[in-house]
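**Student:** The sequence isn't on hand, but the structure is:
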């Protein structure tokens, strides 16, 4: 019997029981779709974290205020305070390229296309350069924005889409993009490329103004702690000296804040690159768990194929006997049933690949996530489905090939 005859016979056999074949194909397709969808989302997460680590490098340290657990001195500044002068002092430490003040506030912003809570960051000049932020439309903040405290704002990609709509880039290019933040009317000078979260800040959902604009026009200052900051962004000139520079930063701030030897600090130093590495480690564990889950689903699909093929052998005992009586060899019977099982699995694999790609991309689009799947993974999934089909169909095929022609023909149909 030729291979073509085996294929034609396999197709006829599967079409004879369409509901059974579809259910078997569907069971395996779900496993393959889970693998493809989750692998693509996992790869997208990993790519985003890798980009974040590449953007942050090992140069950046964020200083944030915190309440100390001990307060033995009465002449200390208010607990958890950072002030603008701290940024100036840190900038003079050897190895520090820049230390930038950061103010943070959140209010409802209203734009021509919609409204929503906007996280506003008042940042020092150089913030975008330190985080490698690039404009997708318009421009970044300039020295002029800082020197005269202009009401210019740069929006993250998602914030721009919510407030300005699909034509955000066109509005910015025409100089007609404006939003209201609180009671202030701001001109949108630029829109950033999508970058996701960088350390403590979700860039895509935030807006950025110059530090003087935030302090003087939008967020004001705390009457109980004039000059208070919400964070300091420290950019190092030489990342290899980070441990020594970090120690100098800590010592300098403790001295400025008059913190005694064993008293806890009223600030914390956050390493953004370390945070990104921690996220990557968590994502690897999640991806491993998802891969195991998808593999288990595929295994269940393989068991389903084996069960269906055993039922098929039982139902077609007389047919097998007739084929043997007409001269079919055991190898022909074995090949016939192996092709049927492989065809079931391969069809389920291809349907699962298509379903996984569609669902993965749709989920990524809805959740505004990255989706990336390489051709090697798709090929491996399809090949794996075929292997599962052959392995699952091997025992039923061997049972069919070993049937005695006389016993098979005597069995009632």
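**Tutor:** Ah, there it is. Because the structure is a prediction, the values reported are computed rather than measured.

**Student:** show me where the stretch 301-413 of the chain has helices.
**Tutor:** Taking DSSP state H, counting those that start in this stretch, the helices of the stretch 301-413 of the chain run over residues 317-325, 330-367, 375-401, 405-410.

**Student:** Switch those helices over to JSON lines; also include mean pLDDT and mean neighbour count.
**Tutor:** In short, each C-beta sits where N, CA and C put it, glycine included. Putting the helices of the stretch 301-413 of the chain into JSON lines (pLDDT from 0 to 100; neighbours: other C-beta atoms under 10 Å) gives the following:
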{"stretch": "helix 317-325", "mean pLDDT": "75", "mean neighbour count": "18"}
{"stretch": "helix 330-367", "mean pLDDT": "86", "mean neighbour count": "20"}
{"stretch": "helix 375-401", "mean pLDDT": "84", "mean neighbour count": "19"}
{"stretch": "helix 405-410", "mean pLDDT": "62", "mean neighbour count": "14"}
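
**Student:** Nearest to residue 196, out of those helices?
**Tutor:** Closest to residue 196 of the helices of the stretch 301-413 of the chain is helix 330-367 (C-beta to C-beta; 11.7 Å).

**Student:** Sheet partners, orientation included, of the helix or strand hosting residue 191?
**Tutor:** Under the criterion of DSSP states H and E, residue 191 resides in strand 184-192. Next to strand 184-192 in the sheet, as set by DSSP bridges, lie strand 135-138 (antiparallel), strand 152-155 (parallel), strand 178-181 (antiparallel).

**Student:** Can you name the next helix or strand after the second one?
**Tutor:** For strand 152-155, the succeeding helix or strand toward the C-terminus, using DSSP H and E, is helix 157-164.

**Student:** Name the residues that touch that following helix?
**Tutor:** Contacts to helix 157-164, defined as C-beta atoms under 8 Å, 6 or more residues apart in numbering, come from residues 109-116, 118, 136, 155, 168, 171-172, 177, 179, 188, 191-195, 204-207, 368.

**Student:** Repeat the analysis, applying 7 Å as the threshold.
**Tutor:** Outside helix 157-164, the residues that touch it by C-beta atoms under 7 Å, 6 or more residues apart in numbering are 109, 111-114, 116, 118, 136, 155, 168, 171, 177, 179, 188, 191-194, 204-207, 368.

**Student:** The stretch 101-250 of the chain: strands as residue ranges?
**Tutor:** Here the stretch 101-250 of the chain has its strands, by DSSP state E, counting those that start in this stretch, at 115-123, 135-138, 152-155, 178-181, 184-192, 197-198, 201-202, 206-210, 228-229, 231-236.

**Student:** the domain parsing of the chain - what is it?
**Tutor:** Listed by automatic domain parsing, the domain ranges of the chain are 3-52+277-410, 67-265.

**Student:** between these, which gets the lowest average pLDDT?
**Tutor:** Note on those: lowest mean pLDDT is at domain 3-52+277-410, with a mean of 80.

**Student:** Look up the pLDDT of residue 411 for me, please.
**Tutor:** We have a pLDDT of 59 for residue 411.

**Student:** thinking again about what came up before, got CSV for the domains of the chain, with distance to residue 271 too?
**Tutor:** Listed next are the domains of the chain as CSV, based on distance: least, C-beta to C-beta, whole Å:
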stretch, distance to residue 271
domain 3-52+277-410, 9
domain 67-265, 8
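
**Student:** hang on, the earlier thing: so how do I select the buried members of the contacts of helix 157-164 in ChimeraX?
**Tutor:** The ChimeraX command for the buried members of the contacts of helix 157-164 (criterion: 16 or more other C-beta atoms under 10 Å) is given here:
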select :109,111,113,118,155,168,171,177,179,188,191,192,204,205,206,207
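
**Student:** Could you grab the helix/strand/coil label for the residue most central in space within the chain?
**Tutor:** Central residue of the chain (C-alpha atoms, centre = their mean): residue 45, 2.6 Å from the mean position. Put simply, residue 45 is helix when judged by DSSP: H, G, I helix; E, B strand; the rest coil.

**Student:** So the nearest residue to it once chain neighbours are set aside, which state does it fall into?
**Tutor:** Nearest residue to residue 45, sequence neighbours excluded (C-beta to C-beta, 6 or more residues apart in numbering): residue 283, at 5.1 Å. Classification of residue 283 using three-state DSSP returns helix.

**Student:** wait, residue 283 sits on residue 43?
**Tutor:** No. The pair residue 283 and residue 43 fails to qualify as a contact (C-beta atoms under 7 Å) at a distance of 10.0 Å.

**Student:** Settle it for me: which of the two has more neighbours?
**Tutor:** Ranked by neighbour count (other C-beta atoms under 10 Å), residue 283 and residue 43 place residue 43 first, with 18 against 15.

**Student:** burial measure for the nearest residue to residue 238 once chain neighbours are set aside, as a count.
**Tutor:** Once flanking residues are discounted, residue 238 sits nearest to residue 95: 5.5 Å by C-beta to C-beta, 6+ apart. Residue 95: 17 surrounding residues under other C-beta under 10 Å.

**Student:** Next: residue 4.
**Tutor:** For residue 4, the count of nearby residues is 8 (other C-beta under 10 Å).

**Student:** same thing with residue 212?
**Tutor:** By the criterion of other C-beta under 10 Å, residue 212 has 17 neighbours.

**Student:** quick one: residue 176 from residue 86, how far?
**Tutor:** Per C-beta to C-beta, to the nearest Å, residue 176 is found 39 Å from residue 86.

**Student:** who's more crowded, those two?
**Tutor:** Ranked by neighbour count (other C-beta under 10 Å), residue 176 and residue 86 place residue 86 first, with 23 against 13.

**Student:** That one against residue 233, yeah?
**Tutor:** No. Counting by C-beta under 7 Å, residue 233 is not a contact partner of residue 86; they are 11.9 Å apart.

**Student:** Nothing else from me, thank you.
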